[in-house]
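**Q** structural data only, the sequence is not supplied:
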Ligand SMILES: C[S@@+](CC[C@H](N)C(=O)[O-])C[C@H]1O[C@@H](n2cnc3c(N)ncnc32)[C@H](O)[C@@H]1O
């Protein structure tokens with residue numbers, strides 16, 4: 001995979017990965033560009049383009065920053081944007097310097113640091129900046145293999161202030177070589193029973209377990225590329241970050257919000273607009289509805305508890321709202337007011353990061369005749 005990666009046109013899987021990076025940047029930038037300093041780190045940045053001139057991650061970052069800056073009416077000098085691009089290959093960096101000159105805007109307000117650096121030394125150098133209180137950080141780690149971004153690095157990043165991460169894992173490769181000592185010392189899934197199709201989901205859970213009690217939300221997006229399965233793992237300490245990433249995933253995959261293929265082998269995947277008798281259910285959705293019912297029955301959650309629950313199960317508030325509305329309409333679930341309104345509006349569930357706790361969800365007990 002590594003050989004000549006940028007000497008050919010980016011393949012479909014790479015384009016999907018870059019599209020997810022772009023969409024997340026597009027959602028993330030406006031949240032912070034208005035009110036804080038922003039640092040974006042692309043620590044495996046490559047030369048900037050593929051052989052055909054298609055933009056790679058650093059040029060996508062420049063394009064998105066430029067577009068956001070135009071939308072909000074320019075940068076505030078008090079709140080600089082700092083971009084850090086590094087790659088261990090010096091020829092890539094030389095090329096990137098030229099590409100950045102072509103792509104950056106004429107104003108030149110962003111501070112751009114481009115350097116030939118190995119990931120480990122780049123991370124060690126940047127960690128103090130990421131721990132500063134007043135900046136928001138986005139770290140993109142588009143590695144080739146698995147030797148660089150391990151649970152140790154993710155834990156370090158999770159401990160930083162306002163830091164979201166996106167990293168790439170060649171997951172089926174990990175599965176194939178999971179018993180090799182060099183792999184096992186980085187990601188040890190050798191003892192586990194794993195389905196090929198869901199390998200990337202599985203690896204994301206492994207990273208989650210390795211975080212222990214550090215509160216940092218991880219979420220996977222799986223990408224099938226030929227026979228291989230790769231993927232992105234997103235991480236954030238904030239539910240709003242997770243919500244924004246999940247919105248990107250559900251835009252890319254309206255069936256399960258998680259992959260560019262039928263990850264649970266559902267025949268109905270990607271065909272929700274057609275009615276095919278017997279083929280209209282999605283396993284993930286069925287399982288989620290059962291989880292919702294169980295959660296409501298045992299936790300008697302308010303809307304903030306529900307917001308956290310749906311996001312950590314990989315659902316957006318919009319998608320979960322549709323399913324909750326069906327439960328409510330079918331008389332299986334009701335919503336009670338926590339004061340204020342006596343009868344909360346049907347179908348309104350207030351699943352937002354900045355909402356106040358105003359309702360509780362309750363399963364209805366069926367009358368016994
Ligand atoms: C998949 S490519 C990155 C592609 C880039 N994000 C893009 O969109 O074009 C991986 C890059 O990581 C670089 N690389 C490999 N090992 C590295 C390491 N240990 N530290 C820093 N860069 C490394 C390679 O030179 C290569 O450019």
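**A** Looks like it arrived, so ask away. A quick note: this is a predicted structure, and the numbers were derived from the prediction, not measured.
**Q** now do the same contact list for the residue lying closest to residue 333 once chain neighbours are set aside.
**A** Nearest residue to residue 333 in three dimensions, chain neighbours excluded: residue 327, at 4.0 Å (C-beta to C-beta, 6 or more residues apart in numbering). Any C-beta I mention is one placed from the backbone N, CA and C, and that applies to glycine too. Contact analysis of residue 327 by C-beta atoms under 8 Å, 6 or more residues apart in numbering lists 289, 292, 293, 333.
**Q** cutoff 10 Å now
**A** When contacts are counted by C-beta atoms under 10 Å, 6 or more residues apart in numbering, residue 327 touches 289, 292, 293, 296, 333, 334, 361, 363, 364.
**Q** can you name the next helix or strand after the helix or strand of the chain with the lowest mean pLDDT?
**A** Between all helices and strands in the chain, the lowest mean by mean pLDDT, DSSP states H and E belongs to helix 181-184, at a mean of 87. Next helix or strand after helix 181-184 toward the C-terminus (DSSP states H and E): helix 199-210.
**Q** which helices and strands does that following helix pack with?
**A** Applying 3 or more C-beta pairs under 10 Å, 6 or more residues apart in numbering; DSSP states H and E, one finds that helix 199-210 contacts helix 151-158, strand 163-169, helix 171-176, strand 217-225, strand 228-236.
**Q** quick one: low-confidence ranges for the protein?
**A** Within the chain, the segments meeting pLDDT under 70 span 1-3, 75-78, 272-280, 340-342, 366-369.
**Q** got the buried residues for the longest helix along it?
**A** Across the chain, the helix with the greatest residue count (assigned by DSSP state H) is helix 12-33. Across helix 12-33, burial judged by 16 or more other C-beta atoms under 10 Å covers 13-14, 16-18, 20-29, 32-33.
**Q** could you check the angle that helix makes with strand 163-169?
**A** Per axes from the mean of the first three to the mean of the last three C-alpha atoms, to 10 degrees, the angle that helix 12-33 makes with strand 163-169 is 180 degrees.
**Q** which helix or strand contains the closest residue to residue 126 other than its chain neighbours?
**A** Nearest non-adjacent residue to residue 126, counting by C-beta to C-beta, 6+ apart: residue 41, 5.9 Å away. Using DSSP H and E, the element containing residue 41 is strand 37-42.
**Q** what's the angle between the following helix or strand past that strand and strand 163-169?
**A** For strand 37-42, the following helix or strand on the C-terminal side (DSSP H and E) is helix 57-72. Going by the same axes, to 10 degrees, helix 57-72 is angled at 150 degrees with respect to strand 163-169.
**Q** in helix 57-72, which residues are buried?
**A** Under 16+ other C-beta under 10 Å, the buried positions of helix 57-72 are 57, 58, 59, 60, 61, 62, 63, 64, 65, 68, 69.
**Q** packing partners for it?
**A** If you count contacts as 3+ C-beta pairs under 10 Å, 6+ apart, helix 57-72 packs onto helix 12-33, strand 37-42, strand 81-87, helix 90-103, strand 111-116, strand 135-141.
**Q** for the first one, packing partners?
**A** So the one you mean is helix 12-33. strand 37-42, helix 57-72, strand 81-87, strand 135-141, strand 163-169, strand 217-225, strand 228-236, helix 239-252.
**Q** rebuild the ones you listed as CSV, extending it with distance to the ligand.
**A** Formatted as CSV, the helices and strands packed on helix 12-33 follow (distance: least, C-beta to the nearest ligand atom, whole Å):
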stretch, distance to the ligand
strand 37-42, 7
helix 57-72, 4
strand 81-87, 5
strand 135-141, 7
strand 163-169, 7
strand 217-225, 12
strand 228-236, 10
helix 239-252, 17
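**Q** mind giving me CSV with these and columns for distance to residue 153?
**A** Formatted as CSV, the helices and strands packed on helix 12-33 follow (distance: least, C-beta to C-beta, whole Å):
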stretch, distance to residue 153
strand 37-42, 12
helix 57-72, 18
strand 81-87, 14
strand 135-141, 8
strand 163-169, 9
strand 217-225, 13
strand 228-236, 11
helix 239-252, 18
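**Q** interface residues of this protein facing the ligand?
**A** 5, 18, 44-46, 56-57, 87-89, 92, 118-119, 142, 144, 148 (C-beta under 6 Å from any ligand atom).
**Q** circling back: who's in contact with the least confident helix or strand of the chain?
**A** 145, 146, 147, 173, 174, 175, 176, 177, 178, 189, 190.
**Q** contacting residues for the fourth one?
**A** Looking back up the chat, that one is residue 173. Counting by C-beta under 10 Å, 6+ apart, residue 173 has contacts 1, 144, 145, 146, 183, 199, 228, 229, 230.
**Q** so the third one, which of the three states?
**A** It refers to residue 145. Counting by DSSP: H, G, I helix; E, B strand; the rest coil, the backbone at residue 145 sits in coil.
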